[in-house]
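Peer 1: Quick one: sequence and predicted model below, then my questions.
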Amino acid sequence: MEHASFAKPEISLGFPPPFGGSQRLPRHVGRKRGLEMILTGDPVPASRAVELGLVNSVVPAAELLHKARDLADRIIRYAPTAVAACLRAVTRGINLPIDEGLAVEAAAFAATVPTDGVRDGIQRFLDRSAGRAR
């Protein structure tokens, strides 16, 4: 939403960010930007949060639910096993060295191969390629 803001206000309460906040934020937005947010506790407006990559987009409040549902609809049209595998691979692999991340990805891929989602997805692709909509 246009009027949303984001902050790491823990310093105003006298303690550092817990639960990985002091580690994840600087890795995501960069050391200097992360430290500024952590050390000042200042809120970041939505427009700046987009620039920093904290959020994907900013929409007017009246469009928020529609945009969120649209995103959800674009995701749930795919096999749940594939969606879950993607989430696991990215979540587990993002902070690993690339070779370890690739191993996580390979395991996620291998786990989905025997599923109905893969069979159905490949069949839809083949049907479209042959001009037969399914």
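Peer 2: The structure has been received and is ready for your questions.

Peer 1: Can you show me the strands along the chain?
Peer 2: Using DSSP state E, the strands found in the chain span residues 5-6, 44-45.

Peer 1: Nearest approach to Leu96 belongs to which of these?
Peer 2: strand 5-6 (26.3 Å; C-beta to C-beta). The C-beta positions use only the backbone N, C-alpha and C, and glycine is treated the same way.

Peer 1: neighbouring contacts of that closest one?
Peer 2: Residues outside strand 5-6 that contact it (C-beta atoms under 8 Å, 6 or more residues apart in numbering) are Pro43, Val44, Pro45, Ala46, Ala49, Leu54, Val55.

Peer 1: Correct me if wrong: the second one contacts Lys8.
Peer 2: Yep, that's Val44 we're talking about. No: using C-beta atoms under 8 Å, Val44 is not in contact with Lys8; the gap is 9.2 Å.

Peer 1: Quick check: neighbours shared by the two?
Peer 2: Met37.

Peer 1: Appreciated, that's everything.
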